[in-house]
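Colleague: fold the following and give me the result.
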Amino acid sequence: MRVVNAQFVSPGGALVGGPLSTGRTGGVPLLDFGNGQHLLAWTDDASNPDNHIFGQLISPAGAQGAPFPISQALGDEDIGGVAAGIGGFLVTYYREVDPIQGLGRLYGRMVSTSGQLR
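Modeller: Residues are numbered from 1 along each chain as shown. Predicted coordinates:
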């Protein structure tokens, strides 16, 4: 179990401020910046072994929104990527659909700049 944190870093590599904690545990988070804010997304392990995908919006000043579920479907999920675009973010993730045969599918979910799922 790993606490999911983020840390601002200056262009010169110096840490800026303290770590930002999501208060959640899970895998290594992914981050992108667009539309004036950051989206931090990760594989959350609170319901292990069925891990799910969570996100959190963070302003450039470090103000954190509440963590929110991006996907909580049946089966184990793993974060794939985060990309900013016009009006929001795309979060991709892998979902195991047949654990016996090791089969899964790749999914994508749009997240608005206010954290609403589309």
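Colleague: once you drop chain neighbours, what's closest to Arg118?
Modeller: By the measure of C-beta to C-beta, 6 or more residues apart in numbering, the closest residue to Arg118 outside its immediate chain neighbours is Met110, 4.0 Å from it. Just so you know, the C-beta spots here come from the backbone N, C-alpha and C atoms, and that holds for glycine as well.
Colleague: how about the strand or helix carrying that neighbour: buried residues?
Modeller: Following DSSP states H and E, one finds Met110 within strand 103-112. Buried positions in strand 103-112, judged by neighbour count with 16 or more other C-beta atoms under 10 Å: Gly104, Tyr107, Arg109, Val111.
Colleague: surely Gln72 and His52 touch.
Modeller: Yes. Here Gln72 reaches His52: they are 4.6 Å apart, a contact under C-beta atoms under 8 Å.
Colleague: surely Gly62 touches Phe8?
Modeller: Yes. Taking contacts as C-beta under 8 Å, Gly62 lies within contact range of Phe8: 6.6 Å.
Colleague: may I have the beta-bridge partners of the residue nearest the centre of the chain?
Modeller: In the chain, the centroid-proximal residue (C-alpha atoms, centre = their mean) is Ala41; its distance is 0.8 Å. Residues in a beta bridge with Ala41, per DSSP bridges, are Leu30, Gly55.
Colleague: what's the spacing between it and Tyr107?
Modeller: Computed with C-beta to C-beta, to the nearest Å, the distance linking Ala41 and Tyr107 is 13 Å.
Colleague: just Pro99 next, same as before
Modeller: Pro99 sits 17 Å away from Tyr107 when distances are taken as C-beta to C-beta.
Colleague: could you do Ile58 as well?
Modeller: The gap separating Ile58 from Tyr107 is 23 Å, by C-beta to C-beta.
Colleague: coming back round to it: need the contact list for the residue nearest to the centre of the chain.
Modeller: Pro29, Leu30, Leu31, Ile53, Phe54, Gly55, Gln56, Ile70, Ile79, Val82, Phe89, Val91 (C-beta atoms under 8 Å, 6 or more residues apart in numbering).
Colleague: which among these end up buried?
Modeller: Looks like those have Pro29, Leu30, Ile53, Phe54, Gly55, Gln56, Ile70, Ile79, Val82, Phe89, Val91 buried, using 16+ other C-beta under 10 Å.
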